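Novice: Need the 3D shape of this:
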Amino acid sequence: MKTTVCKKLALRKPSSACLFECNACLVGARKIIIVKIKNVGRSSKFILVPEDVWYTKPVEDVEWNEIICLGAFTITPSVFKINFEQTMDLTVVFEPRLPSFYCTRFIIVSDNSCAQEVNVFGDGQMFGAGSVQLTVRSRIHWLDDGRGAGRENKTTIKLPYRL
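Specialist: So this is what the prediction gives:
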(Lines give C-alpha, C1' and ligand atoms only; values in the text may rest on other atoms or scores of the structure.)
Protein backbone atom coordinates (compact mmCIF):
# COMPACT_ATOMS: atom_id res chain seq x y z
CA MET A 1 0.00 0.00 0.00
CA LYS A 2 2.85 2.42 0.79
CA THR A 3 4.29 1.87 -2.68
CA THR A 4 1.01 2.87 -4.32
CA VAL A 5 0.81 6.10 -2.32
CA CYS A 6 4.42 6.96 -3.18
CA LYS A 7 3.78 6.29 -6.89
CA LYS A 8 0.77 8.62 -6.85
CA LEU A 9 2.83 11.35 -5.20
CA ALA A 10 5.66 10.86 -7.68
CA LEU A 11 3.28 11.13 -10.65
CA ARG A 12 1.81 14.44 -9.50
CA LYS A 13 2.87 17.52 -11.40
CA PRO A 14 5.17 19.74 -9.32
CA SER A 15 3.50 22.98 -8.30
CA SER A 16 4.52 25.81 -10.56
CA ALA A 17 6.45 28.64 -8.98
CA CYS A 18 4.48 31.85 -9.06
CA LEU A 19 6.47 35.10 -9.05
CA PHE A 20 5.53 38.75 -9.20
CA GLU A 21 8.70 40.63 -10.17
CA CYS A 22 8.75 44.37 -9.50
CA ASN A 23 12.47 44.59 -10.36
CA ALA A 24 14.34 47.84 -9.56
CA CYS A 25 12.82 50.99 -8.09
CA LEU A 26 14.45 54.08 -6.60
CA VAL A 27 14.18 54.38 -2.83
CA GLY A 28 11.34 56.73 -1.96
CA ALA A 29 9.68 56.23 -5.35
CA ARG A 30 6.76 54.02 -6.32
CA LYS A 31 6.54 51.31 -8.97
CA ILE A 32 3.21 49.84 -10.04
CA ILE A 33 2.80 46.58 -11.94
CA ILE A 34 -0.42 45.01 -13.15
CA VAL A 35 -0.64 41.21 -12.95
CA LYS A 36 -3.34 39.47 -14.99
CA ILE A 37 -4.72 36.32 -13.40
CA LYS A 38 -7.02 33.81 -15.09
CA ASN A 39 -9.37 31.34 -13.48
CA VAL A 40 -9.08 28.00 -15.28
CA GLY A 41 -11.27 26.19 -12.75
CA ARG A 42 -14.88 26.69 -11.78
CA SER A 43 -16.18 30.09 -10.63
CA SER A 44 -14.62 30.81 -7.26
CA LYS A 45 -13.97 33.42 -4.63
CA PHE A 46 -10.34 34.14 -3.84
CA ILE A 47 -8.51 35.79 -0.97
CA LEU A 48 -4.86 36.83 -0.62
CA VAL A 49 -3.38 35.79 2.72
CA PRO A 50 0.03 36.93 4.06
CA GLU A 51 2.35 34.01 4.74
CA ASP A 52 2.63 34.72 8.48
CA VAL A 53 -1.19 34.79 8.84
CA TRP A 54 -1.58 31.58 6.81
CA TYR A 55 0.62 29.60 9.20
CA THR A 56 -0.29 31.20 12.54
CA LYS A 57 -3.94 32.29 12.71
CA PRO A 58 -7.30 30.62 12.13
CA VAL A 59 -9.32 32.16 9.30
CA GLU A 60 -12.07 33.24 11.69
CA ASP A 61 -9.66 35.54 13.59
CA VAL A 62 -8.49 37.51 10.55
CA GLU A 63 -9.99 40.85 9.51
CA TRP A 64 -10.10 40.86 5.70
CA ASN A 65 -9.54 44.16 3.88
CA GLU A 66 -9.59 45.13 0.20
CA ILE A 67 -5.85 45.93 0.39
CA ILE A 68 -3.09 43.60 1.54
CA CYS A 69 0.11 45.28 2.83
CA LEU A 70 3.28 43.19 2.83
CA GLY A 71 6.08 45.52 3.92
CA ALA A 72 7.18 47.48 0.85
CA PHE A 73 4.45 45.83 -1.29
CA THR A 74 0.73 46.63 -1.45
CA ILE A 75 -1.64 44.45 -3.47
CA THR A 76 -5.24 45.19 -4.44
CA PRO A 77 -7.80 43.72 -4.49
CA SER A 78 -7.16 41.08 -1.85
CA VAL A 79 -10.67 39.60 -1.92
CA PHE A 80 -12.33 38.93 -5.29
CA LYS A 81 -14.43 36.54 -7.37
CA ILE A 82 -13.54 35.27 -10.86
CA ASN A 83 -15.86 33.23 -13.05
CA PHE A 84 -14.69 30.31 -15.20
CA GLU A 85 -12.24 31.35 -17.97
CA GLN A 86 -12.33 35.02 -16.94
CA THR A 87 -9.35 37.21 -16.08
CA MET A 88 -8.75 39.88 -13.49
CA ASP A 89 -6.04 42.47 -12.81
CA LEU A 90 -4.12 42.58 -9.54
CA THR A 91 -2.30 45.84 -8.86
CA VAL A 92 1.05 45.47 -7.08
CA VAL A 93 2.63 48.66 -5.71
CA PHE A 94 6.31 48.56 -4.69
CA GLU A 95 7.56 51.41 -2.47
CA PRO A 96 11.05 50.70 -1.08
CA ARG A 97 12.09 52.76 1.95
CA LEU A 98 15.73 51.58 2.10
CA PRO A 99 18.22 50.38 -0.52
CA SER A 100 17.79 46.61 -0.25
CA PHE A 101 16.44 43.53 -1.99
CA TYR A 102 12.84 42.90 -0.93
CA CYS A 103 11.15 39.51 -1.01
CA THR A 104 7.88 38.43 0.55
CA ARG A 105 5.35 35.65 0.11
CA PHE A 106 1.59 35.38 0.24
CA ILE A 107 -0.93 32.67 -0.54
CA ILE A 108 -3.90 32.90 -2.92
CA VAL A 109 -6.67 30.76 -1.43
CA SER A 110 -9.90 29.83 -3.23
CA ASP A 111 -13.22 28.72 -1.75
CA ASN A 112 -12.74 25.27 -3.31
CA SER A 113 -9.78 24.59 -0.96
CA CYS A 114 -6.99 25.26 -3.48
CA ALA A 115 -4.01 27.38 -2.47
CA GLN A 116 -1.07 28.81 -4.44
CA GLU A 117 2.02 30.39 -2.91
CA VAL A 118 3.23 33.56 -4.62
CA ASN A 119 6.63 35.23 -4.17
CA VAL A 120 6.97 38.98 -4.71
CA PHE A 121 10.41 40.48 -5.44
CA GLY A 122 11.68 44.03 -5.71
CA ASP A 123 15.02 45.82 -5.53
CA GLY A 124 15.22 49.21 -3.80
CA GLN A 125 18.09 51.18 -5.32
CA MET A 126 19.74 54.46 -4.40
CA PHE A 127 21.64 56.68 -6.82
CA GLY A 128 24.12 59.43 -6.07
CA ALA A 129 24.22 62.79 -7.87
CA GLY A 130 26.96 61.61 -10.22
CA SER A 131 25.23 58.34 -11.13
CA VAL A 132 22.49 59.65 -13.41
CA GLN A 133 22.86 61.69 -16.57
CA LEU A 134 19.93 62.89 -18.68
CA THR A 135 20.40 63.38 -22.41
CA VAL A 136 17.98 65.69 -24.19
CA ARG A 137 17.64 66.50 -27.89
CA SER A 138 16.36 69.98 -28.41
CA ARG A 139 14.07 70.88 -31.31
CA ILE A 140 14.02 74.33 -32.90
CA HIS A 141 10.94 75.44 -34.85
CA TRP A 142 10.37 78.69 -36.71
CA LEU A 143 7.97 80.14 -39.28
CA ASP A 144 9.13 80.75 -42.84
CA ASP A 145 7.07 82.86 -45.31
CA GLY A 146 3.91 82.22 -43.34
CA ARG A 147 4.23 78.46 -43.70
CA GLY A 148 5.13 76.13 -40.90
CA ALA A 149 8.68 74.93 -41.38
CA GLY A 150 10.83 73.13 -38.89
CA ARG A 151 14.39 72.11 -38.38
CA GLU A 152 15.65 69.50 -35.97
CA ASN A 153 18.76 70.22 -33.96
CA LYS A 154 20.93 67.08 -33.92
CA THR A 155 23.13 68.24 -31.06
CA THR A 156 22.61 66.65 -27.67
CA ILE A 157 22.59 68.50 -24.40
CA LYS A 158 23.72 66.60 -21.31
CA LEU A 159 22.14 67.66 -18.06
CA PRO A 160 23.62 66.54 -14.75
CA TYR A 161 21.13 65.08 -12.29
CA ARG A 162 20.92 67.09 -9.07
CA LEU A 163 19.36 65.99 -5.80
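
Novice: The chain - how does it break down into domains?
Specialist: The record's domain parsing of the chain by automatic domain parsing lists 15-125, 127-163.

Novice: most neighbours per residue, which of the ones you listed?
Specialist: Each of the domains of the chain was assessed for mean neighbour count using mean count of other C-beta atoms under 10 Å. The highest is domain 15-125, with a mean of 14. C-betas here are computed from N, CA, C, even on glycine.

Novice: where does this protein dip in pLDDT?
Specialist: Across the chain, the ranges flagged by pLDDT under 70 are 1-17, 59, 129-163.

Novice: For it, which segments count as helices?
Specialist: Using DSSP state H, the helices of the chain run over residues 2-11, 51-56.

Novice: Show me where the chain has its strands.
Specialist: Taking DSSP state E as the test, the strands found in the chain are 19-26, 31-38, 44-50, 68-70, 73-76, 79-82, 87-94, 100-110, 115-125, 133-144, 147-160.

Novice: now these as JSON lines including distance to residue 62?
Specialist: Below are the strands of the chain laid out as JSON lines (distance: least, C-beta to C-beta, whole Å):
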{"stretch": "strand 19-26", "distance to residue 62": "22"}
{"stretch": "strand 31-38", "distance to residue 62": "21"}
{"stretch": "strand 44-50", "distance to residue 62": "8"}
{"stretch": "strand 68-70", "distance to residue 62": "11"}
{"stretch": "strand 73-76", "distance to residue 62": "16"}
{"stretch": "strand 79-82", "distance to residue 62": "11"}
{"stretch": "strand 87-94", "distance to residue 62": "19"}
{"stretch": "strand 100-110", "distance to residue 62": "11"}
{"stretch": "strand 115-125", "distance to residue 62": "15"}
{"stretch": "strand 133-144", "distance to residue 62": "47"}
{"stretch": "strand 147-160", "distance to residue 62": "50"}
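
Novice: Of all those strands, which one is nearest residue 56?
Specialist: With C-beta to C-beta as the measure, strand 44-50 is the member of the strands of the chain nearest residue 56 (9.7 Å).

Novice: what's that closest one in contact with?
Specialist: 62, 64, 68, 70, 75, 78-82, 104, 106-112, 114 (C-beta atoms under 8 Å, 6 or more residues apart in numbering).
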